[in-house]
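*Asks:* no FASTA, just this:
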């Protein structure tokens, strides 16, 4: 292939280097011994990993990020899966309109939605930042839940459910006994995608902070804007390892492309 | 029958409530009259914003940077997607993985890498010195160039994925047929592949453009305070000023830009694909 299409192969190589080399740079910087951001690093040490893991703003915000990601994913799936099921199997009136409504949070800029929630929930209503974050992230994840489980409901054969109902199973039993196992890979894909999307989110979380509550990416962003030390590279490398673990898990459970191939908004 | 309709409603209502409470109500009231503002005057602030040269300048920069990043994403992403779609099976999986993986990584991490690469002592500056293109270290950070580079790296995978899925739908035997009838590589690409894969790629390009226009992390890290975009301006205003109506005015500009771009461009690409 390389011999048949030399120009195209070179272009692909350049693109891949452009996409992946910066990630390598981050790992390199994380291993520096000195205090400055340099690549290649000056000497090798693990000191910045230690500093990052004992830096309170990062460890605290990691907890917040985890709580928000898990809560928002659970909420988005808990309301999204039944709604998607109703859209696909009970063909309610205004089906297309309802689908548009559920996907609509994807259309608007996240930062603007973050501001809308900030001024209403935090400034006006006096909610705490964690509640606002969880509501905001749930809304953000709902479209993913609806689309990914919708795709697997479309592939599933409704005749299976009809058969279960014909054999005397009630609607609940049919759903939990037949439908849910069939769409389980879809729900799992949506879960992984949702956790990662929430965990990495910046624009929505940016304004939804308080003195004690902040998500990890926002804490990192704040840190990079004020200090130039390899510590941020160490955190980034830890996140990279976590992402690799998630990707491997996704590949094992349902297939990497199944989960992320359609991750485009 | 009535019970079944009730059950359907019960399945749909929680999701509708979430969209209403967490999106529709806050968003719409914010656009018209932000609840936090005791004397909301969004229309007045909007008129002030669109006639303010500072804001107009920032809108122009936002569109310019997003446009350049989109053009670069298409220029590199489309050929790569084509190569991947025509690669043998095992290569295809590896290449798709390599292209998709960066998408899973935090935007903060990916933008941070360019701070290291594009700074005065960065690798790029040193390379320019070594090659002899410059005599003094070059500061590429905090420029529009840095923003374009960062955004392209961020969004190129998205274009590859969308272009790939439409290219995978193009029958390779069509290309063989064109080649068999004497068309060269470039002609096959321009006359057969491009027209068939254009609609899907256009959707990808629209997504990239909208994403670039609303991105916050990359412009704030790589553009610095001198190169504000709509997103960084909106955040700064929301965070420092207490003039909620003025922030709402910026929010309206940003929302309209994105909606107009996505709807108008998808119309155009739909018409283009029918022709």
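*Replies:* Sure thing, it's come through. The shown structure was predicted, so the numbers you read here are calculated from the model rather than taken from an experiment.
*Asks:* hey, let's count contacts and neighbours off CA atoms from now on
*Replies:* Will do.
*Asks:* Same question for residue A:93, what's its three-state structure.
*Replies:* Taken by DSSP: H, G, I helix; E, B strand; the rest coil, the conformation at residue A:93 corresponds to coil.
*Asks:* Would you quantify the distance from it to residue A:86?
*Replies:* Separation of residue A:93 from residue A:86 (CA to CA, to the nearest Å): 11 Å.
*Asks:* Report how many residues lie close to residue A:73.
*Replies:* A total of 29 residues lie near residue A:73 under the criterion other CA atoms under 10 Å in any protein chain shown.
*Asks:* err, residue A:13, not the other one
*Replies:* 13.
*Asks:* Please apply the same query to residue A:97.
*Replies:* Residues near residue A:97, counting by other CA under 10 Å: 10.
*Asks:* What of residue A:115?
*Replies:* If you count neighbours by other CA under 10 Å, residue A:115 ends up with 30.
*Asks:* For the chain, give me the ranges with low pLDDT.
*Replies:* You didn't pick a chain, so chain A it is. For chain A, the stretches with pLDDT under 70 are A:1-4, A:261-265.
*Asks:* That was the other one, I meant chain B.
*Replies:* Ranges of chain B meeting pLDDT under 70: B:1, B:271-275.
*Asks:* Closest residue of it to chain A?
*Replies:* residue B:12 (4.5 Å; CA to the nearest CA).
*Asks:* for that residue, what are its contacts?
*Replies:* The neighbours of residue B:12, taking CA atoms under 8 Å, 6 or more residues apart in numbering or on different chains as the test, are A:79, A:82-83, A:86.
*Asks:* In what element of secondary structure is it found?
*Replies:* helix B:2-19 (DSSP states H and E).
*Asks:* same thing with residue B:26?
*Replies:* helix B:25-32.
*Asks:* Give me the buried positions along that helix.
*Replies:* B:26-27, B:30-32 (16 or more other CA atoms under 10 Å in any protein chain shown).
*Asks:* near chain A, which of these show up?
*Replies:* Among the buried residues of helix B:25-32, the residues lying close to chain A (CA under 8 Å from any CA of the partner chain) are B:26-27, B:30.
*Asks:* and the residue nearest to residue B:170 when sequence neighbours are not counted, helix, strand or coil?
*Replies:* Spatially, and ignoring its direct neighbours in sequence, residue B:170 is nearest to residue B:196 (6.7 Å; CA to CA, 6 or more residues apart in numbering or on different chains). Following three-state DSSP, residue B:196 is assigned to helix.
*Asks:* secondary structure class for the residue sitting nearest the centre point of chain A?
*Replies:* Nearest to the mean C-alpha position of chain A, by CA atoms, centre = their mean, lies residue A:197 at 1.4 Å. Three-state assignment for residue A:197 (three-state DSSP): helix.
*Asks:* go on, the one 10 residues further on?
*Replies:* Under the three-state scheme (three-state DSSP), the conformation of residue A:207 reads as coil.
*Asks:* That one against residue B:239, yeah?
*Replies:* Yes: with contact defined as CA atoms under 8 Å, residue A:207 counts as touching residue B:239 (7.3 Å).
*Asks:* what about the two, which has more around it?
*Replies:* Taking neighbours as other CA under 10 Å, residue A:207 and residue B:239 compare with residue A:207 leading, 24 against 13.
*Asks:* and the more buried one, what is it in contact with?
*Replies:* Taking CA under 8 Å, 6+ apart, we find residue A:207 in contact with A:114-115, A:118, B:235, B:239.
*Asks:* Closest to residue A:213 out of the buried residues of helix B:25-32?
*Replies:* residue B:26 (21.3 Å; CA to CA).
*Asks:* Need phi/psi at the residue in the stretch 51-200 of chain A that chain B sits nearest to.
*Replies:* Chain B sits closest to residue A:83 of the stretch 51-200 of chain A, with a gap of 4.5 Å, by CA to the nearest CA. Main-chain torsions, residue A:83, degrees, to the nearest 10: phi -60, psi -40.
*Asks:* I'd like to know how far it sits from residue A:96.
*Replies:* Relative to residue A:96, and taking CA to CA, residue A:83 is found at 13 Å.
*Asks:* the more surrounded of these two?
*Replies:* Between residue A:83 and residue A:96, counting by other CA under 10 Å, residue A:83 is the more crowded of the two (27 against 11).
*Asks:* so that one sits right up against residue B:11, yeah?
*Replies:* Yes: counting by CA under 8 Å, residue A:83 touches residue B:11, with 5.2 Å between them.
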